[in-house]
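**Q** Any chance you could fold what I've pasted below:
(chains A, B, C and D)
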Protein chains: 4
Amino acid sequence: MKKTTLAALAVVALTSMSAFAADTSKLVLPGDITLEQATRVIEAAKAKAKQTDTLMNIAVVDAGGNLKAFARMEGAFLGSVDISIGKAKTARLFNMPTKDLGALAQVGQPLYGIEVTNRGLVIFGGGELLRDKSGTIIGAVGVSGSSVENDMAVAQAGAAGL
Amino acid sequence: MKKTTLAALAVVALTSMSAFAADTSKLVLPGDITLEQATRVIEAAKAKAKQTDTLMNIAVVDAGGNLKAFARMEGAFLGSVDISIGKAKTARLFNMPTKDLGALAQVGQPLYGIEVTNRGLVIFGGGELLRDKSGTIIGAVGVSGSSVENDMAVAQAGAAGL
Amino acid sequence: MKKTTLAALAVVALTSMSAFAADTSKLVLPGDITLEQATRVIEAAKAKAKQTDTLMNIAVVDAGGNLKAFARMEGAFLGSVDISIGKAKTARLFNMPTKDLGALAQVGQPLYGIEVTNRGLVIFGGGELLRDKSGTIIGAVGVSGSSVENDMAVAQAGAAGL
Amino acid sequence: MKKTTLAALAVVALTSMSAFAADTSKLVLPGDITLEQATRVIEAAKAKAKQTDTLMNIAVVDAGGNLKAFARMEGAFLGSVDISIGKAKTARLFNMPTKDLGALAQVGQPLYGIEVTNRGLVIFGGGELLRDKSGTIIGAVGVSGSSVENDMAVAQAGAAGL
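**A** Modelled structure (predicted):
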């Protein structure tokens, strides 16, 4: 293909990007979590983390399970970047708190071994669903950085802050 | 944790699954592609494939980029299972046909090298967006199994069948 | 490489694709599952899912363990895309229902840990073999979206629909 | 292992977590980017994105190359979650803007092929270093969602907002 053709194609593609940008309503389904909502969840989780003297990674995914927002507090575990995102995704992938999925995945329980699917799930507490006022799931929040109990408390505070 | 506690938790989780099942409107955002729509796309693509004497893998993803439906015709390339799904995902991930993204990813072009991101994108034609009547993107279709031109023609026929 | 050489190669490749397309009997083993059969399996599984008020992901693989057809019902777990395909593959990879493999993979059992092989197996019920009238294995079906018991019942209904 | 031993271990672990939490100065290097700084970078990038009518994914990594904060604007490409994070990491991994690394990675250039290392680098513009007042690198910002030129302009605005 000639260089001029490629350049022309690039212009077309870039133009169509601008066109898209002009009307975001064509790009996302109505009701999906907004960045403002996700930021509120993170702020509420951070407030709870400070109150409980814990250092957290906090992740929010949208209804499709794709990362929407993330924050890591000073001193929070580096290894919890992946875990907090994994918790949020896992909660949305199975429409339940990760603690509930984890209960089903214990030794001797029905879903033992499920954690190796989906390129790695997180099967302990700290992932909670996010619902709009009608109860529709619009995403999930995952928190990691302290004991599972603390992670859960902070995630639930985040969800309540929606 | 005692076995009885775990069993109780399992019951809770299963009960909540049943509860979820009762009202799917809480589980998906309004307007996302339905299985019936995805099946129509696949049938339209298959009809075009037969008409052009080609053997295709056809994949449909939803607005979140998650696989919704898939079909492989007899004799279609085994290696195109992954490629057709990859084309559908790639189209939705960047809101443009894979051919347009590919033009931007050629040697010397601005997005050269993009194909190694997202655990592997497909940067040649055959992935097309699916839009509802208002123009909102509700998913994408990916077709792989013949020449890129044929793949594109079949994918476009699939999209038109929505 | 000169442009004319590339063009010539392309012609060869496309011609050979067309040649293949003309006679699918040279491309697949006799007796392997057809797309029509796979679709029947999915339809039978869907009917059972509706009857039991469950929301399922349903995957069918062929005798080679490669994905043949897939469908996700509205509201079915996003995380079960991977699990349903994994169940179908796992069943065919070891020629037994995933429940049976799972029994061998429990703590203290001979195949403990097998789930991390093959880039992730699924070791709980819901993957069932598909056999032709003579009993030859021609593929497998995997179902995921509810309790393991429901997943198994729907997978078995799918297999019976073959 | 006996239940009491496990409980004791858990107490030790939780105690040590609390201890850590009490003094974050022992957990991070002096001068590393703070969440407040990362948030300022994201806000400055968002402001520039709005001004240029673009829809962006914006990621900030710390001096160790680990994700610190992330935000995806409404309608921004889903595929740019991975790319924006990849740009930020790539910039820090090689201590240069991704555009500069990309120039070295083109066909015929010394680093041709480098993009497949590190589980996937991003070799086009939009990743910029973040430096403190003395010029020390304390992290990087990656932006993805529009043309490379726009991505770079937004990333540079983000860096300037530090």
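
**Q** Every contact and neighbour count from this point should use C-alpha atoms.
**A** Noted.

**Q** show me where chain A has strands.
**A** For chain A, the strands defined by DSSP state E occupy A:57-62, A:67-72, A:127-131, A:137-144.

**Q** can I get those strands in TSV with distance to chain B and mean pLDDT?
**A** Below are those laid out as TSV (distance: least, C-alpha to the nearest C-alpha, whole Å; pLDDT from 0 to 100):
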stretch	distance to chain B	mean pLDDT
strand A:57-62	9	98
strand A:67-72	11	98
strand A:127-131	9	98
strand A:137-144	6	98
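
**Q** Serialize those to TSV and add fields for mean neighbour count.
**A** Formatted as TSV, these follow (neighbours: other C-alpha atoms under 10 Å in any protein chain shown):
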stretch	mean neighbour count
strand A:57-62	32
strand A:67-72	28
strand A:127-131	29
strand A:137-144	33
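
**Q** In TSV, list these along with distance to chain D.
**A** Listed next are the strands of chain A as TSV, based on distance: least, C-alpha to the nearest C-alpha, whole Å:
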stretch	distance to chain D
strand A:57-62	9
strand A:67-72	4
strand A:127-131	17
strand A:137-144	12
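
**Q** possible to save these as CSV with distance to residue C:47?
**A** Below are the strands of chain A laid out as CSV (distance: least, C-alpha to C-alpha, whole Å):
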stretch, distance to residue C:47
strand A:57-62, 31
strand A:67-72, 34
strand A:127-131, 29
strand A:137-144, 26
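
**Q** So for residue A:117, which of the ones you listed sits nearest?
**A** Among the strands of chain A, strand A:127-131 comes nearest to residue A:117, with 17.1 Å by C-alpha to C-alpha.

**Q** Kindly export that closest one (C-alpha atoms) in PDB.
**A** Provided in PDB are the C-alpha atoms of strand A:127-131 (Å, rounded to 0.1, in the frame of the first residue of the first chain):
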ATOM      1  CA  GLY A 127     -14.400  -7.200  46.400                       C
ATOM      2  CA  GLU A 128     -17.900  -5.800  46.600                       C
ATOM      3  CA  LEU A 129     -20.600  -5.000  44.000                       C
ATOM      4  CA  LEU A 130     -21.600  -1.500  43.100                       C
ATOM      5  CA  ARG A 131     -25.300  -1.000  42.300                       C
END
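
**Q** Residues contacting that strand, please?
**A** Contacts with strand A:127-131, where a contact means C-alpha atoms under 8 Å, 6 or more residues apart in numbering or on different chains, come from A:84, A:87-88, A:90-92, A:95-99, A:137-143, A:152, A:155-156, A:159, A:162.

**Q** same check, this time on stretch A:152-162
**A** Residues contacting stretch A:152-162 (C-alpha under 8 Å, 6+ apart): A:37-38, A:40-46, A:48-49, A:58, A:125-130, A:140-143.

**Q** so where is chain A shaky, pLDDT-wise?
**A** A:1-22 (pLDDT under 70).

**Q** what residues does it put near chain B?
**A** A:6, A:9-10, A:13, A:25-32, A:63-66, A:95-96, A:100-101, A:103-104, A:134-138 (C-alpha under 8 Å from any C-alpha of the partner chain).

**Q** Buried ones from these, can you make that a PyMOL selection?
**A** To isolate the buried ones among these in PyMOL, judged by 16 or more other C-alpha atoms under 10 Å in any protein chain shown, type:
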select buried, chain A and resi 6+9+10+13+25+26+27+28+29+32+63+64+65+66+95+96+100+101+103+104+136+137+138
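
**Q** The residues of chain A next to chain B also near chain C: which ones?
**A** Within the residues of chain A next to chain B, those near chain C by C-alpha under 8 Å from any C-alpha are residue A:95.

**Q** Tell me the spacing between residue A:70 and chain C.
**A** 21 Å (C-alpha to the nearest C-alpha, to the nearest Å).

**Q** I'd assumed residue D:81 was in contact with that residue.
**A** No. Assessed by C-alpha atoms under 8 Å, residue A:70 is found out of contact with residue D:81, at 11.2 Å.

**Q** tell me the domain ranges of chain A?
**A** A:1-30, A:31-160 (automatic domain parsing).

**Q** Same list (the ones you listed) but as TSV, adding distance to residue C:110.
**A** Converted to TSV, those look like this (distance: least, C-alpha to C-alpha, whole Å):
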stretch	distance to residue C:110
domain A:1-30	48
domain A:31-160	15
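
**Q** For the nearest residue to residue A:28 once chain neighbours are set aside, list the residues it contacts.
**A** Of all residues not flanking residue A:28 in the chain, residue D:75 sits nearest, at 5.7 Å (C-alpha to C-alpha, 6 or more residues apart in numbering or on different chains). Contacts for residue D:75 (C-alpha under 8 Å, 6+ apart) come out as A:21, A:24-25, A:27-28, D:55.

**Q** Can you report phi and psi for residue D:75?
**A** phi 80, psi 0 (degrees, to the nearest 10).

**Q** Look up how far residue A:151 lies from residue A:53.
**A** Using C-alpha to C-alpha, to the nearest Å, residue A:53 is found at 12 Å from residue A:151.

**Q** what about the helices in chain A?
**A** Counting by DSSP state H, chain A has helices at residues A:3-22, A:35-51, A:80-94, A:98-104, A:148-160.

**Q** Can you tell me which of those is most buried?
**A** helix A:80-94 (a mean of 27; mean count of other C-alpha atoms under 10 Å in any protein chain shown).

**Q** for it, packing partners?
**A** strand A:57-62, helix A:98-104, strand A:127-131, strand A:137-144 (3 or more C-alpha pairs under 8 Å, 6 or more residues apart in numbering or on different chains; DSSP states H and E).

**Q** Return the distance of that helix from the chain's centre.
**A** Taking C-alpha atoms, centre = their mean, to the nearest Å, one finds the center of helix A:80-94 at 6 Å from the center of the full chain.

**Q** Measure how that helix sits relative to helix A:148-160, angle-wise.
**A** 60 degrees (axes from the mean of the first three to the mean of the last three C-alpha atoms, to 10 degrees).

**Q** Tell me who's in contact with residue A:35.
**A** A:68-69, D:71-74.

**Q** Can you give the contact residues for stretch A:62-73?
**A** A:32-33, A:35, A:38-39, A:42, A:55-61, A:81, A:85, A:88-89, A:92-93, A:137-140, B:28-29, B:63-66, D:34-35, D:67-73, D:78, D:81.

**Q** try 7 Å
**A** Here stretch A:62-73 makes contact (C-alpha atoms under 7 Å, 6 or more residues apart in numbering or on different chains) with A:32-33, A:35, A:38-39, A:55-61, A:89, A:92-93, A:137-140, B:64, D:35, D:68-72, D:81.

**Q** Against residue D:112, how distant is the closest residue to chain C within chain A?
**A** Relative to chain C, the nearest point of chain A is residue A:93 (4.3 Å; C-alpha to the nearest C-alpha). Per C-alpha to C-alpha, residue A:93 is found 38 Å from residue D:112.
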